[in-house]
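> Quick one, fold the following:
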Amino acid sequence: MATAAIYARVSSARQAKDETIASQTLALREHAHVQGLDVPEEWVFEDAGHSGATLVRPGLEQLRDLAAQGVIDVVLVYSPDRLARKFAYQALLIEEFARSGVAVRFVKGPRGDSPEDQLMVQFQGMFAEYEKAQLAERYRRGKAYRAKTGSVNVLSGAPFGYRYIRKTPDCGARYEVIEHEAALVTELFRRYADEGATVADLARWLTSAGIVTRTGKSRWDRSVIWGMLRNPAYAGRAVFGKTMAIHEQPGLNRVARLQGRATPRAVKTVDRPQQEWTEITVPAIVDAETFDRVQARLADNKRFATRASSRPSLLQGMAACSACGYAYYRTSTRTTNKKIFYYRCLGSDGWRYEGGRVCTSPPVRADYLDQVVWEHITGLLADPALIRAEIDKRLATARTSDPVIRQRKQLQTALAKASKAITAMIEAYQEQLITIDELRSRMPHLRATEAGVRAQLDAAEACAADRDAYLKLAGDLEGFLAQLRTTATTASTDQRRRVIRLVIKDVLIGPQKITIRHRIPTRTDSTRVTQHDRQPDTEGDTQSGCQLRWGRAIPVALQRLPAPARPGMVGARAREAGPVRR
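Residues are numbered from 1 along each chain as shown. Take a look at the predicted model:
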């Protein structure tokens, strides 16, 4: 008897709550019984409340892993749109299952493997994708219209201080004030507006008072307080449409990049412009005057914050901890006669995490580390062979794959077509296939098209000429190195940071070493550098007399802290660093 696995899916939370997925599973079991297929209980995979527009679904992941093992013969799905809502995803999954020798059968759909049946499945996939886009647009327009009429139904929840009352057949949804929480919100705004309390002070006050957050946590985070102070719902104006989802290329976070894996992020949520917000009237907890004073203080804090006037940091956004993966930020301490800056790991701050610090990496003197990195970069860029290899590679890429060249070719083709159309029109008139009136009516449009394409081509030619001039300047290697030697010691921090970000991916700190990950290839003997080097990292100090040292009394926890596996992180040059001087 052939073995089969069942996959069922519903997308909305309401369908998951009403257990409508059970009807799919029952229909699939009956179909398997009629077809004589054996379905073990552990091979029934369900995704309740997961969208079909993504492949990141727990049940689907388990099904794909099981199919890859080659232990099942058939996958039963109720309909193609239950497998995926995008045609491309349907085709990908069906092809993946086919490579593993697994057939996909639909209860509501074609049941054969003929070309006609496959074509019908593709049609159903396209219709499902169109239906999803149509439903999303209808929901968006409907919710936007109801928000403009002042309906609270479009708001899915309520902030701290309110209770969200769902709509009933008799009345719509509404906000209901929770008295004891509203008193805390009022006191929160008063302390910030009148007493000058900081956001951190308010977070400590609520945490020490034993107040539980809306999500049930006993510890209040500063970002939560900051969001509450900015929420206009407390002034009686709840907002719909503050954010929107945009589709972007998959991104990488720092932890994933250090571990050598990719973390897809196909959708990103960003803030809408404030003029596009739709305000809905709700019961107010804070008066408008207090709310306005709070917003004014938040704006002043953003404008006059210390971080906005402090000296810029050379490795801002580039330094990371190789032990825990968190970023390093710059902090400072003051002695009797000067102010000293340090780079400190986010994971070593106990106050940031409910269970205490998650990393034991010590802080590093910022001036020492900046000096090490900048001297390494200037020494790297002063190598003529290395610079020549990188410039030659970029020149070849620019000359062969420049977008201006592709655009120029397209414009030349369009110009040829326009000229050919004009010639054909004249020849048709000469052959008396068209009249003079038809020629006069069509010729201006063709002439305008030809003139427009020619103007675009002239602009592309000018852009290409500018690019050629730039490439000639880039080929002046000796001039570049002379300018680098002249400005290396006098460049400002912003100028140095721009150079570093062009050459370095990131700087990994500790334990016992510093790893510099390059964007351009490098190796120990830079005079023999080639374009095919695949070791873009340098570990350790660049000079034996460097002031940056690791402490002798290293905690045992730090010595045993394992560094994450990083493929390709073997450095071209590795030297042991001594104790750190703090």
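> Can you give the distance of stretch 227-242 from its chain's centre?
Centroid displacement of stretch 227-242 relative to its chain, using Cα atoms, centre = their mean, to the nearest Å, is 26 Å.
> Mind checking the pLDDT average for that stretch?
Average pLDDT, stretch 227-242: 91.
> Report the separation between the two terminal residues of that stretch.
13 Å (Cα to Cα, to the nearest Å).
> And the contacts of that stretch?
Identification of contacts with stretch 227-242 by Cβ atoms under 8 Å, 6 or more residues apart in numbering yields 143-144, 147, 152, 154-155, 158-162, 175, 185, 188-189, 192, 199, 271-272, 276-288, 291, 294-295, 298. The way it works is simple: take the backbone N, C-alpha and C, and place the C-beta from them, glycine included.
> For the stretch 151-300 of the chain, just list every one of the strands.
Remark: strands assigned in the stretch 151-300 of the chain by DSSP state E, counting those that start in this stretch are 162-165, 174-177, 237-240, 243-247, 267-271, 278-281.
> hmm, which of the contacts of stretch 227-242 are the buried ones?
Buried members of the contacts of stretch 227-242, counted by 16 or more other Cβ atoms under 10 Å: 143, 147, 152, 154-155, 158-162, 175, 185, 188-189, 192, 199, 277-280, 282, 284-286, 291, 294.
> Now, those that are in helices?
The helices, defined by DSSP state H, take in 143, 147, 185, 188, 189, 192, 199, 291, 294 from those.
> mind putting those residues in TSV, distance to residue 442 and pLDDT included?
Below are those laid out as TSV (distance: Cβ to Cβ, whole Å; pLDDT from 0 to 100):
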residue	distance to residue 442	pLDDT
143	48	85
147	50	86
185	71	92
188	72	93
189	70	93
192	71	92
199	69	91
291	65	93
294	66	93
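> could those residues be laid out in CSV, adding distance to residue 71?
CSV is the format used below for those (distance: Cβ to Cβ, whole Å):
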residue, distance to residue 71
143, 45
147, 51
185, 57
188, 58
189, 61
192, 61
199, 55
291, 61
294, 61
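> between these, which is nearest residue 25?
Taking Cβ to Cβ as the measure, residue 25 sits nearest to residue 143 out of these, at 31.4 Å.
> pLDDT score for residue 140?
pLDDT, residue 140: 81.
> would it count as being in a strand?
No. Residue 140: not assigned to a strand; according to DSSP: H, G, I helix; E, B strand; the rest coil it is helix.
> in this structure, what secondary structure element scores lowest on mean pLDDT?
Using mean pLDDT, DSSP states H and E, the weakest-scoring helix or strand in the chain turns out to be helix 556-559, at a mean of 38.
> quick one: residue 181 and residue 243, what's the gap?
The spacing between residue 181 and residue 243, counted by Cβ to Cβ, to the nearest Å, is 24 Å.
> With residue 286 instead?
Plainly put, residue 286 is 23 Å away from residue 243 if you go by Cβ to Cβ.
> now do residue 490
Distance from residue 490 to residue 243, by Cβ to Cβ: 45 Å.
> With neighbour numbers in mind, choose between the two.
Shown here are residue 490 and residue 243; by other Cβ atoms under 10 Å, residue 243 has more neighbours (10 against 7).
> can you give me the helices in the stretch 51-200 of the chain?
Secondary structure of the stretch 51-200 of the chain (DSSP state H, counting those that start in this stretch): helices at 58-68, 80-83, 87-99, 115-148, 179-194, 199-208.
> Could you do the stretch 401-550 of the chain as well?
403-430, 436-474, 477-487, 493-503.
> rank these by pLDDT, which is bottom?
helix 477-487 (a mean of 64).
> tell me how far the ends of stretch 278-298 are from each other?
OK, stretch 278-298 end separation, Cα to Cα: 22 Å.
> which other residues reach it?
With Cβ under 8 Å, 6+ apart, stretch 278-298 has contacts from 144, 147-148, 150-152, 154-155, 161-162, 174-177, 182, 185-186, 189-190, 192-193, 229-230, 232-241.
> who's in contact with residue 494?
By Cβ under 8 Å, 6+ apart, the contact list for residue 494 reads residue 312.
> how near is it to residue 213?
Distance, residue 494 to residue 213, by Cβ to Cβ: 40 Å.
> repeat for residue 285
Distance from residue 285 to residue 213, by Cβ to Cβ: 17 Å.
> ditto for residue 24
To residue 213, residue 24 is 37 Å away according to Cβ to Cβ.
> Also residue 130?
Noted for residue 130: a distance of 42 Å to residue 213, by Cβ to Cβ.
> what's the answer for residue 432, then?
Noted for residue 432: a distance of 85 Å to residue 213, by Cβ to Cβ.
> do residue 449 as well
In terms of Cβ to Cβ, residue 449 sits 63 Å off from residue 213.
> Could I get the full set of helices for the stretch 201-350 of the chain?
Along the stretch 201-350 of the chain, counting by DSSP H, counting those that start in this stretch, helices occupy 222-230, 254-258, 288-304, 306-309.
> Also compute the angle for the third one relative to helix 179-194, please.
For the pair helix 288-304 and helix 179-194, the angle between their directions (axes from the mean of the first three to the mean of the last three Cα atoms, to 10 degrees) equals 50 degrees.
> Between helix 222-230 and helix 288-304, find me the angle.
Between helix 288-304 and helix 222-230, the angle comes out at 130 degrees (the same axes, to 10 degrees).
> what's around residue 129, how many residues?
With other Cβ under 10 Å as criterion, residue 129 counts 20.
> how far away is it from residue 7?
For residue 129, the distance to residue 7 - Cβ to Cβ - is 19 Å.
> go on, residue 185?
Distance from residue 185 to residue 7, by Cβ to Cβ: 46 Å.
> what do you get for residue 273?
42 Å.
> Looking at these two, which has the bigger crowd around it?
Between residue 273 and residue 7, counted using other Cβ under 10 Å, residue 7 has the larger neighbour count: 26 against 6.
> Packing partners of the strand or helix carrying that one?
Per DSSP states H and E: residue 7 is located in strand 4-10. Other helices and strands packing on strand 4-10, by 3 or more Cβ pairs under 8 Å, 6 or more residues apart in numbering; DSSP states H and E, are helix 21-35, strand 44-48, helix 58-68, strand 74-77, helix 80-83.
> of all the ones you listed, which lies closest to residue 360?
Residue 360 lies closest to helix 58-68 among these, at 34.4 Å (Cβ to Cβ).
> residues in contact with that closest one?
The contact list for helix 58-68 (Cβ under 8 Å, 6+ apart) reads 5, 7, 9, 43, 45-47, 50, 72, 75, 93, 96-97, 100, 102.
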